[in-house]
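Novice: Take a look and give me a structure for this.
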Amino acid sequence: MDAKQIVHKMFDNDAFSKWLGIELVEIGEGISVLKMLVRKEMLNGFDVLHGGITYSLADSSLAFASNSYGRKSMSIETSISHTLPCKEGDVLTTKTIERSLTNRIGIYDISVLNQDNKVVALFKGTVYRSDKEW
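Specialist: Modelled structure (predicted):
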């Protein structure tokens, strides 16, 4: 299977990413660009986007990018920094950069940007690349 087929297979079985309203914009080996609209039910008590939603969007981007080579990969370490608040109606987009890819480990930086192209979060993810193929 190629990268697009793998990601579509993953996405078809990913109820949470679908609930988030994620749209697959660009998929390729080591590449994942996702888009999502911030909805009212995603806001916290401060009336801003809950950090877990931004994290989940970036985590989905990590999963799709790291599995795109055909080997099943899963995160072993992740972190996020939230740089700007997001409000209802904002449109968020991920941009993924593959920093390192070895036989067993992949390291990715994912920026989450709003509709004004401002960075709202910076996510770093490390994945373990198993021997299992898609």
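
Novice: can you pull the contacts of the most centrally placed residue in the chain?
Specialist: Most central in the chain under Cα atoms, centre = their mean is residue 61, positioned 2.1 Å from the mean C-alpha point. Applying Cβ atoms under 8 Å, 6 or more residues apart in numbering, we find residue 61 in contact with 32-34, 94, 96, 110, 123. The way it works is simple: take the backbone N, C-alpha and C, and place the C-beta from them, glycine included.

Novice: who does the helix or strand where residue 106 lies pair up with?
Specialist: Using DSSP states H and E, residue 106 sits in strand 105-113. Its sheet considered, strand 105-113 pairs with strand 91-101 (antiparallel), strand 119-133 (antiparallel) by DSSP bridges.

Novice: quick one: average pLDDT of it?
Specialist: Computed over strand 105-113, the mean pLDDT rounds to 98.

Novice: Now the top helix by length along the chain: average pLDDT?
Specialist: Counting by DSSP state H, the longest helix found in the chain is helix 51-67. The average pLDDT for helix 51-67 rounds to 98.

Novice: Which positions within it qualify as buried?
Specialist: Residues of helix 51-67 classed as buried by neighbour count (16 or more other Cβ atoms under 10 Å): 53-67.

Novice: now it: how far from the chain's centre is it?
Specialist: Using Cα atoms, centre = their mean, to the nearest Å, the mean C-alpha position of helix 51-67 is found 3 Å from that of the whole chain.
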